[in-house]
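Enquirer: When you get a sec, could you give me coordinates for this:
(one chain, ligands or ions: 2)
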Amino acid sequence: MKKMLTAAISRVLSGVTQKPASRVLAASCKYSNSATFEIKKCGLYRLEEGPPVTTMLTREDGLKYYKMMQTVRRMELKADQLYKQKFIRGFCHLCDGQEACCVGLEAGINPTDHVITSYRAHGFSYTRGLTVRSILAELTGRRGGCAKGKGGSMHMYAKNFYGGNGIVGAQGPLGAGVALACKYKGNNEVCLTLYGDGAANQGQIAEAYNMAALWNLPCIFICENNRYGMGTSVERAAANTDYYKRGNFIPGLRVDGMDILCVREATKFAADYCRSGKGPILMELLTYRYHGHSMSDPGISYRTREEIQSVRSKSDPIMLLKDKMVNNKLASVEELKEIDVEVRKEIDDAAQFAMTDPEPPLEELGHHIYSSNPPFDIRGANQWIKFQSIS
Ligand SMILES: Cc1ncc(C[n+]2csc(CCOP(=O)(O)OP(=O)(O)O)c2C)c(N)n1
Ligand SMILES: [Mg+2]
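Expert: Ligands and ions are numbered 1, 2, ... in the order given. Here you go, the predicted model:
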C-alpha cells in the first residue's frame, strides 16, 4: 500500500516538475479565449463622449501584443549593446518603456492607414512591418538594412510609414500633408502624426493643427509625452502641459500610454472620429522612456534613478499586460516565458546578421535619391568625385 502511494506521489510530482509539450497543450484547454477589462477613462477636451472604459481582449491578440512589445524591448536593449560595442555609430534614440504606444497604435488602425514619427522610430518601424533583422542591420549601416544601410537610426521607412524624421517637429506638417492626400483620394484612410512633448512647443506643430482643422483632414496628432525633451522636463519647457488641449480648436484625448488596451481603444475612437469626416483629433499618450534621450545621454542627471525605478515597477507596459493575461487565465507564466525565449533567439539571430552583413559598396552611395528617375551624376565631397544616382 505504502509502495503504491509512493509511486502515485512520484507520478504526480514528475508531472509537475517535467513539463513536456503534451502538458502545455493540455493546459491550454484551461485558458479563456477572451476577457473583459476595465480601463482608465481618458481625459477629454471638446468631446462629449470618449473611448469606452471597458474592453475585451482575446487570448490571441494578447499573445500577439505581448510578443510585439517584448520584441521591441529586446531589440532596443540589443541596440544599446551594439552601440556600446561600436557596431552602431552616430545618433541612436531608443524607445524602451514606450512599447505600449507603437504596438497599441498599430492595434487600433489598419495596415493601409499611415504613420509618421520622429527620430525615436525603431518601434514604429517594427510595428509597421519591418523585420528586426532589417532594423538592426540599418543601425549597423549594412547592406541588408531597411534603408540599405544609408539611413541609420533616424531614417527608416516601410509601406505607409514615412519615417524616422530627425528635425524636431518636421513630421507634423508632413503628416498633415499625408492626411490631405488621404482626403483628396477619398480612400477613408487616416494618418497618425506623432511628435514628442518637446516638439509640441514648436511653431510648425501649431501651423499643422491650423491647416488640418481648416481643411478637415483625417489626421490624428499624437503627442508622446514621455515627460522630457532631451534633459528638460515638461514643467520647465511648457506653459501648458495639458498637451491634449493644445490643439485649441481640435478635440483631444489624454490617454494612459503605458496600458496597451487604453492606447488601442483611444486609437480606434480617434480613427473612427476622423473617418466619419469630423476632421483632425489630438491624442496625448502619457508614457516614459527608460533610456536617456539618446545613447550619449545616461539619462540620470535631470531625473532620479528612483523615478525610473518607480515607473518600471508600477507601470511597465509589458508587465501590465502580462499581469492582465495571467490573472485572467488568458496565458500562463510559463507560456509567456517561452515567448521570451523565442524573442531572444530572433533578436540574437538578427544581431548576428547585423554584425556580419557587408556594408554597401561606395559606388552605391548616390543611389536611390529618387524612387524612380533616370540615372544622373551627383557630386561627391569635391567636384572631382562623382557618384551616380540610380533608382
Ligand atoms: C528643429 C530642431 N531643434 C532641435 C533639435 C535637437 N533635438 C533633438 S531631439 C530634441 C528634444 C525633443 O524632445 P521630444 O519632442 O520630447 O521627443 P523625445 O525625444 O522625448 O521623444 C531636440 C531639442 C532638432 N533635432 N531639431
Ligand atoms: Mg519627450
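
Enquirer: so what's the residue of the stretch 251-391 of the chain found nearest ligand 1 closest to, chain neighbours aside?
Expert: Closest residue of the stretch 251-391 of the chain to ligand 1, C-beta to the nearest ligand atom: residue 293 (5.5 Å). Every residue, glycine included, has its C-beta placed from N, CA and C. Of all residues beyond its chain neighbours, the one nearest residue 293 is residue 230 (4.6 Å), with distances taken as C-beta to C-beta, 6 or more residues apart in numbering.

Enquirer: count of neighbours near the residue of the stretch 251-391 of the chain closest to ligand 1?
Expert: Using other C-beta atoms under 10 Å, residue 293 is surrounded by 21 other residues.

Enquirer: now residue 104
Expert: 29.

Enquirer: Tell me how confident the model is about whatever helix or strand it lives in, as a mean pLDDT.
Expert: Counting by DSSP states H and E, the element that carries residue 104 is helix 99-107. The predicted model gives helix 99-107 an average pLDDT of 99.

Enquirer: Can you tell me what sits against that helix?
Expert: 61, 65, 68-69, 72-73, 95, 115, 123-124, 126-128, 192, 222, 224, 257-264, 267, 285, 287, 317-318, 320-321 (C-beta atoms under 8 Å, 6 or more residues apart in numbering).

Enquirer: and the next element down the chain from it?
Expert: Helix 99-107 is succeeded, C-terminally, by strand 114-116 (DSSP H and E).

Enquirer: near ligand 2, which residues of the stretch 201-350 of the chain?
Expert: 226, 229 (C-beta under 5 Å from the ion).

Enquirer: Might you enumerate the residues of the stretch 201-350 of the chain proximal to ligand 1?
Expert: Taking C-beta under 6 Å from any ligand atom as the contact definition, the stretch 201-350 of the chain meets ligand 1 at 226, 228-230, 293.

Enquirer: Just the buried ones among those residues, please.
Expert: The neighbour-count test (16 or more other C-beta atoms under 10 Å) marks 226, 228-229, 293 as buried among those.

Enquirer: so which of the residues you listed comes closest to residue 325?
Expert: Closest approach between these and residue 325, by C-beta to C-beta: residue 226, at 25.0 Å.

Enquirer: Name the nearest residue to that closest one, sequence neighbours excluded.
Expert: residue 289 (4.6 Å).

Enquirer: residues near that neighbour, how many?
Expert: 22.

Enquirer: quick one, what contacts it?
Expert: Residue 289 makes contacts with 94-98, 120, 226, 228, 299, as judged by C-beta under 8 Å, 6+ apart.

Enquirer: In helices only, show me the residues you listed.
Expert: Here DSSP state H is the test, and the contacts of residue 289 give no hits in helices at all.

Enquirer: The spatially closest residue to residue 219 that is not a sequence neighbour and residue 100: what is the separation?
Expert: Nearest residue to residue 219 in three dimensions, chain neighbours excluded: residue 179, at 3.7 Å (C-beta to C-beta, 6+ apart). Distance, residue 179 to residue 100, by C-beta to C-beta, to the nearest Å: 24 Å.

Enquirer: The residue nearest to residue 219: which element?
Expert: helix 171-185.

Enquirer: Show me what that helix packs onto, helices and strands only.
Expert: Secondary-structure packing of helix 171-185 (3 or more C-beta pairs under 8 Å, 6 or more residues apart in numbering; DSSP states H and E): strand 114-116, strand 191-196, helix 203-214, strand 219-225.

Enquirer: now those in TSV, with mean neighbour count and mean pLDDT?
Expert: Listed next are those as TSV, based on neighbours: other C-beta atoms under 10 Å; pLDDT from 0 to 100:
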stretch	mean neighbour count	mean pLDDT
strand 114-116	26	99
strand 191-196	27	98
helix 203-214	18	98
strand 219-225	29	99
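
Enquirer: next one: stretch 302-316 to chain centre, how far?
Expert: From the chain centre to the centre of stretch 302-316 is a distance of 20 Å (C-alpha atoms, centre = their mean, to the nearest Å).
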